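K.L.:
Turn this into a model:
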Amino acid sequence: MAIILDTKDIAARAGEIKAGDEVLLSGTVYTARDAAHKRIKALIEEGKPLPFDLKGAVIYYAGPTPERPGTVIGSCGPTTSSRMDVYTPLLMDEGLIGMIGKGPRSGDVTEAIKKHKGVYFCAIGGAGALAALSVKSLEVIAFEDLGCESVKKLTVKDFPLLCGIDSDGNSIFA
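P.N.:
A predicted model of the protein is given here:
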């Protein structure tokens, strides 16, 4: 049976979620890929305001395609998470609590997840159209010039995920 989870409850419930658990996630999720992460890192280093509050935030490593008529979003499958590993410990130091992507993470990311009691979720790769069904709203909030890689604020409902790395550092990839 899947764990029903709201994004705003991840910090309080992280200890309940174990590697391999199925999760249905609802709430606010922000999309960001490589180029957006690079810009967010620069903003942090320059002490400038961020496009969204990282405290308690969940980032989905995705670059959704444009919506078709009558839909909120196009395909929005996960991208390879390891490409964001160089940025993740810094973002977790700033309050990031959860990430959604696909594939294993580095040792540094696993240590950051343990340190901050966060969680890494895996979405189903190759099933972007299925993931899109869980998105109820979308708003571009930063870096519009990046197109599909701009930062978007999504509202998701019952987004099907698997816990890849739990807050104790246990991993389905080990």
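K.L.:
Start from the middle of this structure and tell me which residue ends up furthest away.
P.N.:
When each C-alpha in the chain is compared with the mean C-alpha position (CA atoms, centre = their mean), residue 69 comes out farthest, at 25.9 Å.
K.L.:
could you pull out the strands for this structure?
P.N.:
For the chain, the strands identified by DSSP state E occupy 3-6, 22-31, 58-60, 98-101, 119-122, 135-142, 151-165, in order along the chain.
K.L.:
Select, out of those, the one closest to residue 46.
P.N.:
Minimum separation from residue 46 across the strands of the chain (CB to CB) falls at strand 135-142, 14.8 Å. For the C-beta atoms, the positions are set from N, CA and C on the backbone; glycine is no exception.
K.L.:
Need the CA coordinates for that closest one. PDB is fine.
P.N.:
Included here for strand 135-142 are C-alpha records, laid out as PDB according to Å, rounded to 0.1, in the frame of the first residue of the first chain:
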ATOM      1  CA  VAL A 135      -0.200  17.700 -12.500                       C
ATOM      2  CA  LYS A 136      -3.100  19.900 -11.700                       C
ATOM      3  CA  SER A 137      -1.500  23.300 -12.300                       C
ATOM      4  CA  LEU A 138       1.600  24.800 -13.700                       C
ATOM      5  CA  GLU A 139       3.200  28.300 -13.400                       C
ATOM      6  CA  VAL A 140       6.500  29.400 -14.900                       C
ATOM      7  CA  ILE A 141       8.200  31.200 -12.000                       C
ATOM      8  CA  ALA A 142      11.800  31.800 -13.100                       C
END
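K.L.:
contacting residues around residue 20?
P.N.:
Listed by CB atoms under 8 Å, 6 or more residues apart in numbering, the contact set of residue 20 reads 162, 163, 172.
K.L.:
Kindly report the same for residue 160.
P.N.:
With contacts defined as CB under 8 Å, 6+ apart, the neighbours of residue 160 are 2, 22, 23, 24, 123, 124, 130, 134.
K.L.:
of those residues, buried ones?
P.N.:
23, 24, 123, 134 (16 or more other CB atoms under 10 Å).
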